[in-house]
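Asks: Kindly return the folded structure for what I paste below:
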Amino acid sequence: MVLLHGFSLDHSVWDGVVSDPALAARCDLVVPDLRGHGVSGHPDEAAGYTDGQRWAEDLRTVIDACGLERPVVVAWSYSGRMVNDYLRHVGPTALGGVVYVAAATLAVASAVGPAHTWLAGMCSPEPEVERAALANFIGEVLRQPPGSPGHVHFERVAGRTSAQQRAWLRNRPLDYDDLLAGLDLPVLACHGECDEVVLPHLSRHLGEVVPGAQVLNYPGVGHALFLEAPRSFSQDLLRFVEYAAQRRTVMR
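Replies: Numbers count the residues shown, from 1 in each chain. Predicted coordinates:
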């Protein structure tokens, strides 16, 4: 299983999931940092962030380098683009399934929530605006209270991606509608019902567009549902892995 983090963060968002003993016993878990994030390379030009072919090759490199066979890819938020780039440029045959977690998938303008303004602010060249937006993002979206260890940690993590790099990351259209409508792969869409970054009806719509897709809603949690409900999320991942494996067996 490959778990892909979101905008201006790193692999550590998945700590509560990868530490689940049942999930770790069933799956080899790979948690890379996306390009422009964490300890991965930080291109210094726009094309390093806007070229979908490069994102696709990044994911293929991770899968090949780790020797993964038919992995399930879990894509949270921004990284929905990355797995969709992979599906477009490489294809679905090497994957066992995809889990979209409040992910960037379909171009649905009405699904853009009010907390998106903080993402725009995090790209501001004005330091005071950028810092205020980042504090709101960590406090309200990740639900890490100011001054808490989690807030301090994610502030440090987010600081590894510059405001300019964030702006390049966001300067990409969502143009995957036709691709997803023809996808023949086990798909699960998960969404927190209190998400104010990507509104929950996006995942419901994804469930209607992707043939055979499953949809799970998580009451009382927001955009980073796996931070707020890690055990429930891990159990749902396990159930989906088993479903995807059974589907492969039937199709042989």
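Asks: Which positions in stretch 40-55 come out as buried?
Replies: By neighbour count on 16 or more other CB atoms under 10 Å, the buried set for stretch 40-55 is Gly48, Tyr49, Gly52, Arg54, Trp55. All C-beta atoms are positioned from the backbone trio N, CA, C, and that covers glycine.
Asks: Now do the helices in this structure.
Replies: 15-18, 21-26, 47-50, 52-65, 80-89, 116-121, 127-136, 149-158, 163-170, 177-181, 201-209, 225-228, 230-251 (DSSP state H).
Asks: Out of those helices, flag the one nearest Gly38.
Replies: Across the helices of the chain, Gly38 has its closest neighbour in helix 149-158 (6.9 Å, CB to CB).
Asks: any idea of the angle the closest one forms with helix 127-136?
Replies: Here helix 149-158 runs at an angle of 130 degrees relative to helix 127-136 (axes from the mean of the first three to the mean of the last three CA atoms, to 10 degrees).
Asks: could you give the angle of helix 149-158 to helix 163-170?
Replies: Using the same axes, to 10 degrees: helix 149-158 against helix 163-170 is 90 degrees.
Asks: Quick one: distance of helix 149-158 to the chain centre.
Replies: 18 Å (CA atoms, centre = their mean, to the nearest Å).
Asks: distance of Leu202 from Asp15?
Replies: 26 Å (CB to CB, to the nearest Å).
Asks: So if I had to pick from those two, which one is more boxed in?
Replies: Leu202 (25 against 13; other CB atoms under 10 Å).
Asks: so who does the residue lying closest to that one once chain neighbours are set aside touch?
Replies: Distance criterion CB to CB, 6 or more residues apart in numbering; nearest residue to Leu202, sequence neighbours excluded, is Ala111 at 3.7 Å. Listed by CB atoms under 8 Å, 6 or more residues apart in numbering, the contact set of Ala111 reads Val198, Leu199, His201, Leu202, His205.
Asks: Surely the second one touches Val112?
Replies: Yes. Between Leu199 and Val112 there is a contact at 7.4 Å, judged by CB atoms under 8 Å.
Asks: Pull up the gap between Ser12 and His223, please.
Replies: 16 Å.
Asks: Comparing those two, which residue is more hemmed in?
Replies: It is His223, of Ser12 and His223, that has more neighbours when counted by other CB under 10 Å, with 25 against 16.
Asks: so that one sits right up against Pro200, yeah?
Replies: No. If you go by CB under 8 Å, His223 and Pro200 don't touch, sitting 10.1 Å apart.
Asks: Just give the nearest non-adjacent residue to Arg60, would you?
Replies: Per CB to CB, 6+ apart, closest to Arg60 is Val90, 5.4 Å.
Asks: wait, isn't Leu174 in contact with Ala109?
Replies: No. With contact defined as CB under 8 Å, Leu174 and Ala109 do not form a contacting pair (9.7 Å).
Asks: Comparing the two, which residue is more hemmed in?
Replies: Of the pair Leu174 and Ala109, Leu174 is the one with more neighbours under other CB under 10 Å, namely 15 against 6.
Asks: Now for the more buried one: which residues touch it?
Replies: Contacts of Leu174 (CB under 8 Å, 6+ apart): Arg81, Ala104, Thr105, Leu106, Ala107.
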